[in-house]
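Chemist: what would the 3D arrangement of this be:
(2 chains, ligands or ions: 2)
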Amino acid sequence: MSAIELYAVRKAFNEGRPNEFLAVDGVDLEIEPGRITVLTGPSGSGKTTLLTLIGCLARPTEGRVHLGGESVSGLPERFLTELRRRTFGFVFQQFNLIRGLSVLENVMLPAYPLGPHYSTLHGRAMELLTHLRLGHRAEARVEWLSGGEAQRAAIARALINDPSVVIADEPTANLDSHLSAAFLDIVAELRSQGRTVLLTSHDPLITGAGVVDRVVAMRDGRVV
Amino acid sequence: MHWFAKQRYLIDYTVAAMLRRRAKNVGLLAVYTTIVFLLASVMLYSNALKQEASVLLKEAPELVVQRMVAGRHDLIPADYLEPLRGIRGVRRLEGRLWGYFYDSTVNANYTFMVPPERDIDPGSIVIGDAIARARGSETGDVLAFRGAGETLYPFRVAEVLPHESAIVAADLVLLSEADFRGFFGIPPGKFTDITLTVANPKEVRTVAEKVVSALPDTRPILREEMQRTYASLFDWREGMVLVLLAGALLAFAILAWEKASGLSADERREIGILKAVGWGTGDVLKMKLWEGGLLSMLAFLLGFTLAYWHVFGTSAALLAPALKGWAVLYPNFELTPAVDGLQLTSLFVITVFPYTASTLVPVWRAAVTHPDVVMR
Ligand SMILES: Nc1ncnc2c1ncn2[C@@H]1O[C@H](COP(=O)(O)OP(=O)(O)O)[C@@H](O)[C@H]1O
Ligand SMILES: [Mg+2]
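Modeler: Residues are numbered from 1 along each chain as shown, chains lettered A, B, ... in the order given. Ligands and ions are numbered 1, 2, ... in the order given. Model prediction:
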């Protein structure tokens, strides 16, 4: 998989209004493929905002984001959707599983727009869940999951379309150290499968972990 | 095929989502079903009435000749039959005796008539079932009406017309010629009007013209004109009810708009999640359209089935007082079930279309939700 490159990326909120705010203020960054990169920095330093720009969830106000040498910043919405679906897998800070649905349904959800064979999709989802030690919880509703289980369900969902980049925002914020270590094991495995992993965290357990290839520090919307 | 598989997934998803928000959707379904029910009831009912009337008129003579005196309908002398007999194309000629009667005891109008094809014994009558019900009488009873000269005329009820006989028969009183003349004070040699049976329908207008030139003080009434009068009578009533319903429909559209645009924070977040994990705007839009489509379909089926049962099962118990009744009586007759495809289609269009149209914009707004909202 190809590199992710950011050139003078800025993101302003409430543009042109008195409360305009620059959450990302001129970031140049290259994220190597097949590596684990962690964005760190105090709360409000722009880590999450930068993830949304890289993951094509939002567009930069200025500057360009390149994927495999091509700028994606100017692409029409449906190309960005396609990238979100095929290239990126997201693990959100609040996990964002859809309540009322089972773990299995949540995991299969990102594949619905592709219209795969049900048995293929079901098989792949069960394989992921079993691998993440959640097979026995497949039919459970997500509101009944523990924090660690919810995170593993979210990871399974992120992997269902076999993305080359996995993005996780503050993945250990809601976990104890034991579960955080387990998460790092999963991340290490993702790298061994050749995926690029991009995390944000101000948890020393993550930033100091041996598996992490690179830590990028941020402050006030800039890389420091 | 991926396309079908994809629609299946979208439908599954939206059905689950609707079940999760049961309260909201059940409320919407109830209102929607009620609207379809009301509109379908009006349509089915007025159509069935129209058909009933046209069956009646099919048996009516092609031409009725009335005598006009100073612009008013007057009795027609029997010797008017003679010049009419000579007109070419006239197959049969008959002087009729009939008249309206107001029964003050039950506040209703009856039609008294001497039937052309049947002899009724003097002193007895055959009555429609609405009259039998209104007066609480049955075969063998004696019914008295106040006739000419304020005299009370007692009649023995020989028969009550069967329930299935059409709408106009419900308020009918059949009696003998002698009784009729006595009751209304009509001298021999006079009729209410004269009916003409014309063999060739294309000749009806020519015959009518010849009637007027032979008897300048008469007015011929064509059956097709009567048909039109009946139809416009029904249409007018139908129109009135439809106007009322249009108001209800509008209220419903507004409700639908509110329901659909008032996306809860929960739903908005859900759409944000879907978009973040790779659903496109189009996928969300399709999913939401399926939601509206399924709701519409369900409401339409339910509403229409209920209306069918209401009109043909209960004889339109709720609508009959509004739609029927140029007579004061409300005859309790059963309608022949009839559904016409064009009606069904237009009903579908006027219910599903406003709903879909009023939800489209809010659905679109929801579908373009930015996926980054789920990151905070
Ligand atoms: N939608 C938004 N509108 C206005 N300000 C925002 C919005 N999203 C983020 N911000 C602001 O941008 C700054 C950076 O936020 P964020 O990227 O979430 O930081 P971090 O993840 O490092 O804590 C914060 O001050 C936050 O308040
Ligand atoms: Mg953050």
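Chemist: the residue nearest to the spatial centre of chain A and ligand 1, how far apart?
Modeler: Nearest to the mean C-alpha position of chain A, by CA atoms, centre = their mean, lies A:Ile167 at 1.9 Å. As for A:Ile167, its distance to ligand 1 is 13 Å (criterion: CB to the nearest ligand atom, to the nearest Å). The C-beta positions use only the backbone N, C-alpha and C, and glycine is treated the same way.
Chemist: and the next helix or strand past the helix or strand containing that residue?
Modeler: Here A:Ile167, judged by DSSP states H and E, is contained in strand A:165-169. Going down the chain from strand A:165-169, the next helix or strand is helix A:177-192, by DSSP H and E.
Chemist: that following helix vs strand A:165-169, what angle?
Modeler: 160 degrees (axes from the mean of the first three to the mean of the last three CA atoms, to 10 degrees).
Chemist: list the buried ones in helix A:177-192?
Modeler: A:Leu179, A:Ser180, A:Ala182, A:Phe183, A:Leu184, A:Ile186, A:Val187, A:Leu190, A:Arg191 (16 or more other CB atoms under 10 Å in any protein chain shown).
Chemist: who in chain B is up against chain A?
Modeler: Within chain B, the positions lying close to chain A (CB under 8 Å from any CB of the partner chain) are B:1-10, B:13, B:16-17, B:20, B:269-270, B:273-283, B:370-372, B:374-376.
Chemist: in contact with B:Lys169, which residues?
Modeler: I think there's a mix-up here, since residue B:169 is Ala and not Lys. B:Gly128, B:Leu161 (CB atoms under 8 Å, 6 or more residues apart in numbering or on different chains).
Chemist: model confidence score at it, please.
Modeler: Per-residue confidence (pLDDT) for B:Ala169: 71.
Chemist: same check on B:Arg85?
Modeler: What the model reports for B:Arg85 is a pLDDT of 85.
Chemist: that one touches B:Arg92, doesn't it?
Modeler: No - B:Arg85 lies out of contact with B:Arg92 (CB atoms under 8 Å); the separation is 10.1 Å.
Chemist: one step back: show me what the strand holding A:Ile167 is packed up against.
Modeler: Strand A:165-169 sits against helix A:47-54, strand A:88-91, helix A:147-159, strand A:196-200, with contacts defined as 3 or more CB pairs under 8 Å, 6 or more residues apart in numbering or on different chains; DSSP states H and E.
Chemist: closest one to B:Asp193 among these?
Modeler: Closest of the helices and strands packed on strand A:165-169 to B:Asp193 is helix A:147-159, at 83.9 Å (criterion: CB to CB).
Chemist: which residues are in contact with that closest one?
Modeler: Under CB under 8 Å, 6+ apart, the answer for helix A:147-159 is A:89-92, A:95-97, A:103, A:106-107, A:109-110, A:125, A:128-129, A:132-134, A:137, A:142, A:145, A:166-168, A:171, A:174-175, A:179, A:182-183, A:186, B:277.
Chemist: just the buried subset of those residues, please.
Modeler: A:89-92, A:95-97, A:103, A:106-107, A:109-110, A:125, A:128-129, A:132, A:134, A:137, A:142, A:145, A:166-168, A:171, A:175, A:179, A:182-183, A:186, B:277.
Chemist: isn't there a strand covering B:Cys118?
Modeler: Residue B:118: Arg, not Cys. No - counting by DSSP: H, G, I helix; E, B strand; the rest coil, B:Arg118 falls outside a strand, being coil.
Chemist: sorry, back to before: which of the buried residues of helix A:177-192 sit farthest apart?
Modeler: A:Leu179 and A:Arg191 (19.2 Å).
Chemist: show me where pLDDT drops low in the chain?
Modeler: If you meant another chain, say so; for now it's chain A. Of all residues in chain A, those with pLDDT under 70 make up the ranges A:1-2.
Chemist: wrong one, chain B
Modeler: B:1, B:55-57, B:59, B:163-168, B:229-241, B:243-244, B:247, B:250-251, B:254-262, B:320-336.
Chemist: any residues of chain A in contact with chain B? List them.
Modeler: So far as CB under 8 Å from any CB goes, chain A lies against chain B at A:48, A:51-52, A:57-58, A:77-78, A:81-82, A:84-86, A:90, A:92-93, A:96, A:98-101, A:105, A:109-110, A:112-118, A:157-158, A:161, A:169.
Chemist: swap the cut-off to 7 Å and go again
Modeler: A:48, A:52, A:57-58, A:77-78, A:81, A:84-85, A:90, A:92, A:96, A:98, A:100-101, A:109-110, A:112-113, A:115-117, A:157, A:161, A:169 (CB under 7 Å from any CB of the partner chain).
Chemist: show me these that map onto strands.
Modeler: Using DSSP state E, the subset of the residues of chain A next to chain B located in strands is A:Phe90, A:Asp169.
Chemist: kindly report the residues of chain A close to ligand 1.
Modeler: Within chain A, the positions near ligand 1 by CB under 6 Å from any ligand atom are A:Phe13, A:Asn14, A:Phe21, A:Ala23, A:Gly41, A:Ser43, A:Gly44, A:Ser45, A:Gly46, A:Lys47, A:Thr48, A:Thr49.
Chemist: for A:Thr200, see how far away the residue nearest to the second one when sequence neighbours are not counted is.
Modeler: Closest residue to A:Asn14 apart from its sequence neighbours, by CB to CB, 6 or more residues apart in numbering or on different chains: A:Glu20 at 5.1 Å. Between A:Glu20 and A:Thr200 the distance, using CB to CB, to the nearest Å, works out to 24 Å.
Chemist: how's chain B carved up into domains?
Modeler: Domains of chain B are assigned by automatic domain parsing as B:2-57+B:231-375, B:63-222.
Chemist: can you redo these as TSV with distance to A:Val72?
Modeler: Formatted as TSV, these follow (distance: least, CB to CB, whole Å):
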stretch	distance to A:Val72
domain B:2-57+B:231-375	15
domain B:63-222	73
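Chemist: so how far is the strand holding A:Ile167 from its chain's centroid?
Modeler: 2 Å (CA atoms, centre = their mean, to the nearest Å).
Chemist: can you give the strand pairings for that strand, parallel or anti for each?
Modeler: strand A:88-91 (parallel), strand A:196-200 (parallel) (DSSP bridges).
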